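In: model this:
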Amino acid sequence: MKKLIFKTREWIKFKLFRPILLRIGDRIGKYSVVGDHPVFDNRQFKWATLLENNWIFIREEFENILAFHPLLPNLQDIQQEQKVLNQDNKWKTFFLFGFGKKATLNCRSCPVTTSVLEQIPGMKTAFFSVLSPHKHIPPHRGIFKGLIRSHLGLIIPGRPGECVMRIEKEQITWQEGKLVVFDDTFEHEVWNNTGETRVVLLIDTVRPFKFPLSFINNAVIRLIGNSSYVREAMKNHKIWETRFHSGSKDNHQVSLSLKR
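Out: Next up, the predicted model:
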């Protein structure tokens, strides 16, 4: 009962905190040195070329992980508040970094990917985002404009336009080996309208500002990173990660690890 009361209080805090973050982001976004746009020009980010030049090595590393697709955690298994967005098992994840915290065992399985990510200034979160066939992620918004999101296309099945993301009024069609940099606080939704699995490497980086807004932005990001929501997500992930890398890939054992 105490645990339920605690989680209820935390959820209320999250619901109250979210609009505050959105308002702060909306105020400061226009002052960013890269502007305030739904989709950015890759040439604004020097590290975009680094990712695209190494995409084939990144995909090869993840293909070894993809062999264990059924064992990968659903997004809502790690971040329970995402249940409002995803309730099936068609959106799988494989985290390498979460708000600056390194998933050490997962990173050991992907040394080249990890090395590339660690060269990106302000990189905070990175994970492989795996969508099963015919999966639709409904319209949603990120919570804070102080971070910028990127998708590196790794496995993009079907004809052009069958795997697509809408950001406001723009349609983004992923391409293997190409990076898309966007602001996830603008409404967006995703479709995999094929019979195969779609995989991108999702990355969040700190949005660049000049001082003193850079100081404020970093302070808010630290606040989010130290919140109970992130701590709970990292705890859930650690349980799964430890079980997954324990030497046994038994489906039942891994799935039980998140049922506490």
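In: Not counting its neighbours along the chain, what's nearest the residue nearest the centre of the chain?
Out: The centre of the chain sits closest to Leu202, judged by CA atoms, centre = their mean, with a distance of 4.9 Å. Excluding the flanking residues, the one nearest Leu202 by CB to CB, 6 or more residues apart in numbering is Ser129, at 4.6 Å. Where C-beta positions appear, they are placed from N, C-alpha and C, glycine not excepted.
In: a strand runs through that neighbour, doesn't it?
Out: Yes: using DSSP: H, G, I helix; E, B strand; the rest coil, the assignment for Ser129 is a strand.
In: sorry, back to before: next, the contact list for the residue nearest to the centre of the chain, please.
Out: 125-129, 149-151 (CB atoms under 8 Å, 6 or more residues apart in numbering).
In: Please give me every residue in contact with the residue nearest to Leu202.
Out: Contacts here follow CB under 8 Å, 6+ apart; on that basis Ser129 touches 91, 93, 151, 199-202.
In: Looking at these, which one is closest to Ile143?
Out: Using CB to CB, Leu202 comes nearest to Ile143 of the contacts of Ser129, at 15.2 Å.
In: where do the helices sit along the stretch 1-150 of the chain?
Out: Assigned by DSSP state H, counting those that start in this stretch, the helices in the stretch 1-150 of the chain fall at 2-28, 47-53, 55-66, 75-78, 104-109, 111-117.
In: where's the shortest one relative to the chain centroid, distance-wise?
Out: Same thing as helix 75-78. 11 Å (CA atoms, centre = their mean, to the nearest Å).
In: And Asn54, its phi and psi?
Out: phi -110, psi 10 (degrees, to the nearest 10).
In: Mind pulling up the pLDDT for it?
Out: For Asn54, the model assigns a pLDDT of 98.
In: what number of residues lie near Phe244?
Out: Residues near Phe244, counting by other CB atoms under 10 Å, number 22.
In: Also Leu223?
Out: Neighbour tally, Leu223, other CB under 10 Å: 13.
In: Flag every buried residue along the helix or strand hosting it.
Out: Following DSSP states H and E, one finds Leu223 within helix 213-225. By 16 or more other CB atoms under 10 Å, the buried positions in helix 213-225 come out as 213-214, 217, 220-221, 224-225.
In: can you redo those as JSON lines with pLDDT?
Out: What follows is the buried residues of helix 213-225, written out as JSON lines (pLDDT from 0 to 100):
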{"residue": "Leu213", "pLDDT": "92"}
{"residue": "Ser214", "pLDDT": "94"}
{"residue": "Asn217", "pLDDT": "92"}
{"residue": "Val220", "pLDDT": "89"}
{"residue": "Ile221", "pLDDT": "91"}
{"residue": "Ile224", "pLDDT": "86"}
{"residue": "Gly225", "pLDDT": "87"}
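In: Make JSON lines from these and add distance to Asn193 to it.
Out: Shown next, in JSON lines, are these (distance: CB to CB, whole Å):
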{"residue": "Leu213", "distance to Asn193": "40"}
{"residue": "Ser214", "distance to Asn193": "40"}
{"residue": "Asn217", "distance to Asn193": "36"}
{"residue": "Val220", "distance to Asn193": "36"}
{"residue": "Ile221", "distance to Asn193": "35"}
{"residue": "Ile224", "distance to Asn193": "33"}
{"residue": "Gly225", "distance to Asn193": "35"}
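In: so Val181, which of the three states?
Out: Recorded secondary structure, Val181: strand (three-state DSSP).
In: which residues touch it?
Out: Going by CB under 8 Å, 6+ apart, Val181 touches 39-42, 44-45, 48, 148-150.
In: related to what we said a few turns ago, so the residue nearest to Leu202 versus His151, what's the distance?
Out: Taking CB to CB, to the nearest Å as the measure, Ser129 falls 8 Å from His151.
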